[in-house]
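Q: the sequence isn't on hand, but the structure is:
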């Protein structure tokens, strides 16, 4: 007698978790356009939750309400520094410092873990050359207003610096140009940023 044993048919559902890289960018670009997408994201990681908290804090301080317009009211909306809790998320910190700068708000970026020591010098130098000052270690205190112009960054640094500028500079009063010196590393992340901005910003 021959007996054949077969396995049960494969089936079921697997829910894909959101891409952190895409979720950061989508949430920020949507907030700049007055769209709240945070509630539609399931399975939020700690990093994405940090970006959500910061955007909510900026919205509560009424500094995102005019982000899509050239309005002096944006820079005058908050007289006290806005508290932005970044947790340990480097993406949150590097993406939102240029955005807060171009909105002309004072902001205290609250960092946890090793985040205060994560390298940011090329980005901070570029910001300081265009109207912003970042002082302190924790919190990192932002003041001034980011102006447009030419921004030069080496290609071998984090693509997060470029992404932060790409998302913020369309809101600057003057036209801007980002010049990458040397070979650009992590190009797919820059392409992702440009794709999100084209769809939402």
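A: Looks like it came in fine. Since this is a predicted model, take the numbers as computed values, not measurements.
Q: quick one: residue 49 and residue 85 touch, right?
A: No: using CB atoms under 8 Å, residue 49 is not in contact with residue 85, being 9.8 Å away. Where C-beta positions appear, they are placed from N, C-alpha and C, glycine not excepted.
Q: quick check: residue 174 touching residue 148?
A: Yes: when contacts are counted by CB under 8 Å, residue 174 is listed as touching residue 148 (3.2 Å).
Q: quick one: which of those two has more around it?
A: residue 148 (17 against 9; other CB atoms under 10 Å).
Q: need the contact list for that one.
A: Listed by CB atoms under 8 Å, 6 or more residues apart in numbering, the contact set of residue 148 reads 130, 169, 172-176.
Q: now that we have those, which of them are buried?
A: 130, 169, 172, 176 (16 or more other CB atoms under 10 Å).
Q: I'd like the residues you listed as a markdown table, with pLDDT, secondary structure and distance to residue 93 appended.
A: Shown next, in a markdown table, are those (pLDDT from 0 to 100; DSSP: H, G, I helix; E, B strand; the rest coil; distance: CB to CB, whole Å):
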| residue | pLDDT | secondary structure | distance to residue 93 |
| --- | --- | --- | --- |
| 130 | 95 | coil | 18 |
| 169 | 94 | helix | 18 |
| 172 | 91 | coil | 20 |
| 176 | 94 | strand | 21 |
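Q: where exactly do the strands run in this protein?
A: In the chain, the strands defined using DSSP state E lie at 82-87, 107-111, 132-135, 140-144, 149-154, 176-181.
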